[in-house]
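S.K.: sequence unknown, structure follows:
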């Protein structure tokens, strides 16, 4: 989460390493896999502007010139919501309120997404001449979302229109109460849609189709879309550019995927934020010493956003809203200083909670989810600590404390492994309320339900969590001679980095020639690597007690050091593991998981690929027609490991795209389907080839093994339904084919074939849903197998 930082001074790194990296005396170690060499087409390298950048993009699925140029924003067009049907009711009601000078209240939230949304609405409505004020809830007194007591107070003060931002979608009851008091409500939000929606005009990106480019916008993104439409209708659309700094702050703060529209807005808006003339941002950027040219999204996430969040965590978020709205720089500097003071307090509270959580973890033992409670934990920082624990252990973390009214309140973070909103949904009968999205959520429950809630969460996570964590494939191998500012600039073209578009991680190909602590007693190290006549500097945070002897493989990200106007590049070490423990490139190449994707999409993504697919209804090439190709797209699962190996040896792919459907077949329909397929192939051979059939070719056509074809034909011959005469070159002549399927009485003698067919389909069903790392292991064993698929001699023995 952005509130936590791996850099010195934020949290005691060695305390985290000692207390949080151990569970049952086992360190949680990330698995790394060195990437297999791949051949990148020259036109893709040209589109990417660099061979290594092209390799990174190719590994991430950008396999055509069009997709690379689209990703690099050379051709991408952000969605245009002008006149969108969802916006018309909201814009119309706001225009009515502005014209009549009705009192409008913007109802926001206390996190940065809510703070920026509130400021964006106030700035927009003031531009339009509205009579507007705002309310951001107090985290401890009111909690998240619309509060009924606040609604009554707003009604008494004359509010006639409420515009929610980053909240409201789960407040149908409170909105009904507001309308009963004569207040109209418009909802702008981005959280998951509940079963019961408010019966008012609303805009939530989750109302769009899931594949819509704007589907994952944060709350401030929803506000921006509606505000831009208002400005367009008023002939002031150009003013929307002045809202981009607020928009990108919210995008970074809410950790939404940096893809599609989110990526476009952040890439366009980040330079404007860094050079913003907004006094509040100038004050914060100056306080954090972020360079207006060389600053990055990481600097904002770790230095600016925590300070803004501190207001809502420890005091009132209105402090941060005022900072964003003030036009006076001295006032902004005072407000920024107060936020900085609150942030320092926040750090101390987090450190204390981390220590206490670590103690509970040791007592709790190894469970599927981290579910901790302490009655005096500070509610305002539980989400930060939950996020850190979830990230550290790659498992959901839920922290809880008791409010003064006796209600237990909690924060949940997913750790990126599971949808935490769905976990809470499975526990809703035990909760007073809950809300959020797949990565983060808040909830409340009665104290008597605490034990049952903990058990339910752990059971739900255990039942739905993925299997063994897959190794992270390093983006590329980097030698010291490549570590320079020009290369950094080319890599930055892939950015901004964050959720959905992580910063590249490189495996260093160089000799460790220097290894020193930054200073005596420091928790951090400075390393130097050499190779090809060049050296590269690196820093490894929180590694002071780590034993390093130079035999390790080091994994690093690029980081720019800026001091005044002096700029240098360094490597930020992420991890180091013994060379023997590092997973080497798989001989089967890179596996790309695109199971269940549409065929047209696959063809667009991999236009030069070889598409394998067997079965009567498949369009791919069979095992008999495959040939050398860099990319192999698997539309179906081969019927056996031996045939897998045969295909891999013929194609020798650099990458394999897993693209089959994952639905399982009904066992009761399998045998009927098998006999239908076999009858069809026999009738075809009689019609087209006078009954001559080659079992090997028939097997490729059906997606069976050759042994199965011969066994099936023999079964039909045994019950007197066909006659078979062997020919040269492994061919057979069939002299009879039934018009109808064999009846069940005859099929009872075909148990050998039936078992073979059911076993084959069971194998396919097993492979269809295997995790990628397990499929890699399977394919490696097939590739190293000594036997090819052999055609059984006739008759089968």
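M.R.: In hand now; what should we look at? Computed from a prediction, not measured in an experiment: that's the story for all the values here. Residues are numbered from 1 along each chain as shown.

S.K.: next one: stretch 248-259 to chain centre, how far?
M.R.: Stretch 248-259 sits 13 Å away from the centroid of its parent chain (C-alpha atoms, centre = their mean, to the nearest Å).

S.K.: Now do the end-to-end distance for that stretch.
M.R.: 13 Å (C-alpha to C-alpha, to the nearest Å).

S.K.: try stretch 194-213
M.R.: Across stretch 194-213, first to last residue, C-alpha to C-alpha, it's 22 Å.

S.K.: average pLDDT for that stretch?
M.R.: Average pLDDT, stretch 194-213: 94.

S.K.: ditto for stretch 145-165
M.R.: Stretch 145-165 comes out at a mean pLDDT of 96.

S.K.: in that stretch, what's buried?
M.R.: 145-147, 150-151, 154-155, 159-165 (16 or more other C-beta atoms under 10 Å). Every C-beta, even on glycine, is put in place using the N, C-alpha and C of the backbone.

S.K.: got a list of contacts for stretch 85-95?
M.R.: Contacts to stretch 85-95, defined as C-beta atoms under 8 Å, 6 or more residues apart in numbering, come from residues 81, 104, 125, 130, 161, 163, 184, 186, 188, 201-203, 207, 225-226, 229-230, 233-234.

S.K.: If we go by neighbour counts, what in that stretch is buried?
M.R.: For stretch 85-95, by 16+ other C-beta under 10 Å, it's 86, 87, 90, 91, 93, 94.

S.K.: Lowest average confidence across helices and strands of this protein, where is it?
M.R.: strand 26-27 (a mean of 38; mean pLDDT, DSSP states H and E).

S.K.: Test for you: state the pLDDT assigned to the residue nearest in space to the middle of the chain.
M.R.: Most central in the chain under C-alpha atoms, centre = their mean is residue 500, positioned 5.0 Å from the mean C-alpha point. As predicted, residue 500 sits at a pLDDT of 87.

S.K.: my guess is it contacts residue 251, does it?
M.R.: No - contact criterion C-beta atoms under 8 Å: residue 500 and residue 251 do not qualify, at 11.1 Å.

S.K.: Need the overlap of contacts for those two.
M.R.: 258, 262.

S.K.: Where does residue 728 sit: helix, strand or coil?
M.R.: What DSSP: H, G, I helix; E, B strand; the rest coil gives for residue 728 is coil.

S.K.: what's around it, how many residues?
M.R.: 5 (other C-beta atoms under 10 Å).

S.K.: phi, psi of it?
M.R.: phi -70, psi 160 (degrees, to the nearest 10).

S.K.: distance of it from residue 707?
M.R.: Counting by C-beta to C-beta, to the nearest Å, the gap from residue 728 to residue 707 is 20 Å.

S.K.: isn't there a strand covering residue 660?
M.R.: No - counting by three-state DSSP, residue 660 falls outside a strand, being coil.

S.K.: Make sure it is actually in contact with residue 594.
M.R.: No - counting by C-beta under 8 Å, residue 660 does not reach residue 594; the two are 9.6 Å apart.

S.K.: More neighbours: which of those two?
M.R.: residue 660 (21 against 17).

S.K.: which ones are touching that one?
M.R.: 595, 634, 635, 636, 637, 768.

S.K.: Where does pLDDT dip in the protein?
M.R.: Scanning the chain for pLDDT under 70 picks out 1-30, 417, 466-471, 544-545, 580-586, 616-618, 665-669, 736-749, 784-797.

S.K.: Please identify the longest helix in it, counting by residues.
M.R.: helix 329-364 (DSSP state H).

S.K.: who does that one touch, helix- and strand-wise?
M.R.: Where contact means 3 or more C-beta pairs under 8 Å, 6 or more residues apart in numbering; DSSP states H and E, helix 329-364 is packed against helix 13-20, strand 22-23, helix 279-288, helix 305-314, helix 318-325, strand 370-373, helix 382-393.

S.K.: Distance to residue 399 and mean neighbour count for those - can I get that in CSV?
M.R.: Formatted as CSV, the helices and strands packed on helix 329-364 follow (distance: least, C-beta to C-beta, whole Å; neighbours: other C-beta atoms under 10 Å):
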stretch, distance to residue 399, mean neighbour count
helix 13-20, 13, 17
strand 22-23, 17, 16
helix 279-288, 27, 21
helix 305-314, 14, 26
helix 318-325, 23, 23
strand 370-373, 5, 23
helix 382-393, 4, 24
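
S.K.: among those, which is nearest residue 687?
M.R.: helix 382-393 (62.2 Å; C-beta to C-beta).

S.K.: next SSE after the host helix or strand of residue 231?
M.R.: Counting by DSSP states H and E, the element that carries residue 231 is helix 219-233. Note on helix 219-233: by DSSP H and E, the next helix or strand toward the C-terminus is helix 244-253.

S.K.: Just list what that next one packs against, helices and strands only.
M.R.: helix 112-127, helix 219-233, helix 260-274, helix 305-314.

S.K.: Specify the next element, helix or strand, located C-terminal of the first one.
M.R.: If I follow you right, that is helix 112-127. strand 131-135.

S.K.: Tell me which residues are up against whatever helix or strand comes next after that next one.
M.R.: Following strand 131-135 in sequence order, the next helix or strand is helix 148-156 (DSSP H and E). With contacts defined as C-beta under 8 Å, 6+ apart, helix 148-156 is touched by 105, 107, 135, 137, 142, 162, 174, 177, 178, 181, 182, 183.

S.K.: Next, the contact list for residue 681, please.
M.R.: 693, 698, 701, 702.

S.K.: before we move on, what about residue 344?
M.R.: Going by C-beta under 8 Å, 6+ apart, the list of residues near residue 344 is empty.

S.K.: one step back: need the next SSE after the least confident helix or strand of the chain, C-terminal direction.
M.R.: Counting by DSSP H and E, what follows strand 26-27 is strand 32-33.

S.K.: Which neighbouring elements make contact with that next one?
M.R.: strand 472-473.

S.K.: Each with direction, which strands does the strand it packs on pair with?
M.R.: According to DSSP bridges, strand 472-473 forms sheet pairs with strand 32-33 (parallel).

S.K.: Please enumerate the helices of the stretch 601-750 of the chain.
M.R.: 641-651, 667-689, 695-702, 706-718, 744-747 (DSSP state H, counting those that start in this stretch).

S.K.: For the second one, list every residue counted as buried.
M.R.: Applying a neighbour-count criterion of 16+ other C-beta under 10 Å, the buried positions in helix 667-689 are 670, 671, 674, 675, 677, 678, 679, 681, 682, 685, 686.

S.K.: so which of the contacts of residue 681 is the most crowded?
M.R.: Result: residue 698 is most packed of the contacts of residue 681 (other C-beta under 10 Å), 23 neighbours.

S.K.: Please name the residues that touch that one.
M.R.: 681, 685, 704, 709.

S.K.: tell me the two of the residues you listed that are most distant?
M.R.: The widest separation within the contacts of residue 698 (C-beta to C-beta) is 14.9 Å, between 685 and 704.

S.K.: End to end on stretch 275-292, go ahead and measure it.
M.R.: 5 Å.

S.K.: So what's the residue count around residue 408?
M.R.: The number of residues near residue 408, taken as other C-beta under 10 Å, comes to 21.

S.K.: Likewise for residue 405?
M.R.: 6.
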